[in-house]
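[1] have a look at this prediction, sequence included:
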Amino acid sequence: TNLNRVTRFLDLKVGSPYHLPTSESDRGRLARLGAFADVQIAPVVSDDETGELGTVDIKVTLKDTQTGNIAATVGYGDFTGFTGFVSLTENNLFGSLDPAQLNWQRWSFLTLDALGNFVQQPARQAFSLSLQHPVGNKKSPGFDVSVYDQNTLFLPTFSNNVETLRNYEQRKGGNARI
C-alpha cells in the first residue's frame with residue numbers, strides 16, 4: 001500500500017501536536033478499512049538534531065491481511081445452460097485501499113403446473129458492480145459508485161425454491177454517493 005494513501009486517513013500531520021484521541025481516531029479509521037490485520041500508532045522519541053523540546057515522531061505499524069475473497073458455485077443444465085453465483089470482493093484494490101465488489105448470478109427454478117408436472121423456467125441472470133473510495137481524514141472526501149442489473153434476488157444458495165413477488169423484480173441502474 002502506498003504511503004500517501006495511508007496518510008490520507010491520518011489527522012496527525014507533520015508539525016502538528018501529538019494528541020492521543022486524534023491518534024486513536026486515526027487508528028480506528030485505518031483498522032475499519034479491512035486492509036490490515038493490525039494497526040498500531042505510537043509516539044517515539046524524535047531523532048531531531050535541533051534538540052527541540054517536546055518533538056516526537058509518530059510510528060505507524062501496519063500488518064497486511066488477505067483483502068480479497070472469491071466465492072463461486074457453478075453448474076450446468078441441458079435446458080438452462082450455465083447457472084451459478086460468483087462473488088469477487090477486494091478491500092484493497094491495486095493497493096489503493098479502495099474496496100470493490102462484483103457479483104454475478106444466473107439461475108433457474110422449477111414450478112408445478114396445474115396437473116402437478118414440473119416445468120423448468122428459463123434462466124435469468126443478474127449482476128452488480130461497486131467501487132468505494134472511503135472517507136479519509138477530515139479534509140479527504142469519499143465516494144462510492146455502483147451499477148446493477150438485477151432481475152432476480154441474489155441468493156447465496158440454490159437449494160430453496162421460495163417464490164415471492166421479489167423473484168420477479170427487475171432493477172437496472174446505478175447510484176453514486178459523495
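    That came through, no problem. Residues are numbered from 1 along each chain as shown.
[2] please count neighbours and contacts with C-alpha atoms only from this point.
    OK.
[3] CA atoms only: put the host helix or strand of Arg106 into CSV for me.
    Taking DSSP states H and E as the definition, Arg106 sits inside strand 100-107. Only the C-alpha atoms of strand 100-107 are listed here, as CSV (Å, rounded to 0.1, in the frame of the first residue of the first chain):
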residue,chain,number,x,y,z
ALA,A,100,-14.6,-3.2,-4.8
GLN,A,101,-17.2,-5.9,-5.3
LEU,A,102,-18.5,-7.8,-8.3
ASN,A,103,-21.5,-10.2,-8.1
TRP,A,104,-22.9,-12.3,-10.9
GLN,A,105,-25.7,-14.9,-10.7
ARG,A,106,-27.6,-17.0,-13.3
TRP,A,107,-30.3,-19.3,-12.1
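[4] could you pull up phi and psi at Pro99?
    Here is the backbone geometry of Pro99 (degrees, to the nearest 10): phi -80, psi 150.
[5] I should have written Glu24 there, sorry.
    phi -70, psi -40.
[6] contacts only, for it.
    Ile41 (C-alpha atoms under 8 Å, 6 or more residues apart in numbering).
[7] other residues contacting the helix or strand of the chain with the lowest mean pLDDT?
    Using mean pLDDT, DSSP states H and E, the weakest-scoring helix or strand in the chain turns out to be strand 110-112, at a mean of 74. Residues outside strand 110-112 that contact it (C-alpha under 8 Å, 6+ apart) are Phe118, Val119, Gln120, Gln121, Asn161.
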